[in-house]
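Colleague: How does the following fold in three dimensions:
(chains A and B)
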Amino acid sequence: MNDTKGLPPGWYERYEAWLERSRPLLEAHEGAAAFRDYPWVTYDDSLLTRPERPLGASRLALVTSGGLSLPGQPPFREEDPLGDATFRWIPGPGPLSGWAIHHGHYDPAAATRDYNAVFPLDIVRRLSEEGTIGSTAARHVSCMGYQTDPGPWLEESVPAITAGLKDEGADAVLLVPV
Amino acid sequence: MGLLARHLEAAGLPTVVIANLPQAVERLRPPRALTVRAPRGQTVGPAGDVDRQSSVVRRALRLLAEATSPGTVAAYEGG
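Modeller: Below is the predicted model of the structure:
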């Protein structure tokens, strides 16, 4: 029995207690102290789906949690102490122009110069051109990867991303956290 | 990202995570993870370092194709 998708029983009680204690630290941007006793979700097992096609015939999609957005898209709420569970579709095949990084929990200098540091869109495009992979998806995913409550991420964003990538005909997904 | 990887995989989409935070891999046990030694914000490689970025992505894709056990973790040889 889970409270919500994939979260263990009783997790929200632990989370609410943590949040009450830690909110002042979060608001003071003292993340390391705030997360010292965060009720991390853990698993003692994993799972595996074998690829149906060889790499050279597979359509690859990318997901980054680098907080990248494009002109016309709302930036991620980097100042929100509770984070941002939303995501943006990033159209391929690139190169991108005008991208912005709104994250607040890492140094964006490298990805501001070269998004491939956290979102290797140009790299996979070249791998597609040389035939190492079959193709790249027509759209990819950017999120922020920081939210204290994983509920909205699991209940809204994860199903929307999963359905979107399946509609896209993706055969495999490369995920790049920061 | 580990949570998303698990859900994508359960929905039939094979995944591989390029991971620079080993503790997150230990907690979330994504289906496949390539661990890299990289500062936050440079998981795939430094800005403009196409060789490193390509090498890391190629290694991750090899793991995607070759892993046979749930929760396979491989370390990127280049550090």
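Colleague: Just want the residue of chain B that's nearest chain A.
Modeller: B:Gly71 (3.0 Å; CB to the nearest CB). For the C-beta atoms, the positions are set from N, CA and C on the backbone; glycine is no exception.
Colleague: separation between that residue and B:Gln23?
Modeller: Distance of B:Gly71 to B:Gln23, given as CB to CB, to the nearest Å: 15 Å.
Colleague: With neighbour numbers in mind, choose between the two.
Modeller: Set B:Gly71 next to B:Gln23 and count neighbours by other CB atoms under 10 Å in any protein chain shown: B:Gly71 wins out with 18 against 9.
Colleague: neighbours around the residue nearest to A:Leu62 when sequence neighbours are not counted, how many?
Modeller: Closest residue in space to A:Leu62, ignoring its immediate chain neighbours: A:His140 at 4.2 Å, by CB to CB, 6 or more residues apart in numbering or on different chains. As a burial measure, A:His140 scores 27 neighbours (other CB under 10 Å).
Colleague: Centre-most residue in chain B?
Modeller: Centroid-nearest residue in chain B: B:Ile18, 2.3 Å away (criterion: CA atoms, centre = their mean).
Colleague: all strands for chain B, in order.
Modeller: For chain B, applying DSSP state E gives strands covering B:15-19, B:32-35, B:72-75.
Colleague: okay, the longest one in PDB with CA atoms only?
Modeller: Provided in PDB are the C-alpha atoms of strand B:15-19 (Å, rounded to 0.1, in the frame of the first residue of the first chain):
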ATOM      1  CA  THR B  15      16.500   4.000 -19.700                       C
ATOM      2  CA  VAL B  16      20.100   4.900 -18.700                       C
ATOM      3  CA  VAL B  17      21.100   7.600 -16.200                       C
ATOM      4  CA  ILE B  18      24.400   9.400 -16.400                       C
ATOM      5  CA  ALA B  19      24.900   9.900 -12.700                       C
END
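Colleague: counting contacts, what elements does it pack onto?
Modeller: Counting contacts by 3 or more CB pairs under 8 Å, 6 or more residues apart in numbering or on different chains; DSSP states H and E, strand B:15-19 is packed against strand A:172-176, helix B:2-10, strand B:32-35, helix B:50-66.
Colleague: show me where chain A has strands.
Modeller: Under DSSP E, chain A gives strands at A:59-64, A:68-69, A:87-91, A:100-101, A:135-136, A:139-143, A:172-176.
Colleague: Can you pull out the low-pLDDT segments for the chain?
Modeller: As the question left the chain open, I've gone with chain A. A:1-6 (pLDDT under 70).
Colleague: that answer is for a different chain, and I need it for chain B
Modeller: B:79.
Colleague: change it to 80
Modeller: The model of chain B has pLDDT under 80 over residues B:78-79.
Colleague: is chain B contacted by the longest helix anywhere in chain A?
Modeller: When chain A is parsed with DSSP state H, its longest helix is helix A:11-27. No - counting by CB under 8 Å from any CB of the partner chain, chain B has no neighbours in helix A:11-27; the shortest distance is 12.7 Å.
Colleague: Show me what that helix is packed up against.
Modeller: Using 3+ CB pairs under 8 Å, 6+ apart, helix A:11-27 sits against helix A:31-34.
Colleague: mind listing what's buried in the helix it packs on?
Modeller: Within helix A:31-34, the residues that count as buried by 16 or more other CB atoms under 10 Å in any protein chain shown are A:Gly31, A:Ala34.
Colleague: Please apply the same query to stretch B:43-52.
Modeller: Buried residues in stretch B:43-52 (16+ other CB under 10 Å): B:Thr43, B:Val44, B:Gly45, B:Pro46, B:Ala47, B:Asp49, B:Arg52.
Colleague: distance between it and the chain's centre?
Modeller: Here stretch B:43-52 is found 15 Å from its chain centre; the criterion is CA atoms, centre = their mean, to the nearest Å.
Colleague: hang on, the earlier thing: my guess is the residue nearest to A:Leu62 meets A:Leu60, correct?
Modeller: No - the criterion here is CB atoms under 8 Å, and A:His140 misses it with A:Leu60 at 9.2 Å.
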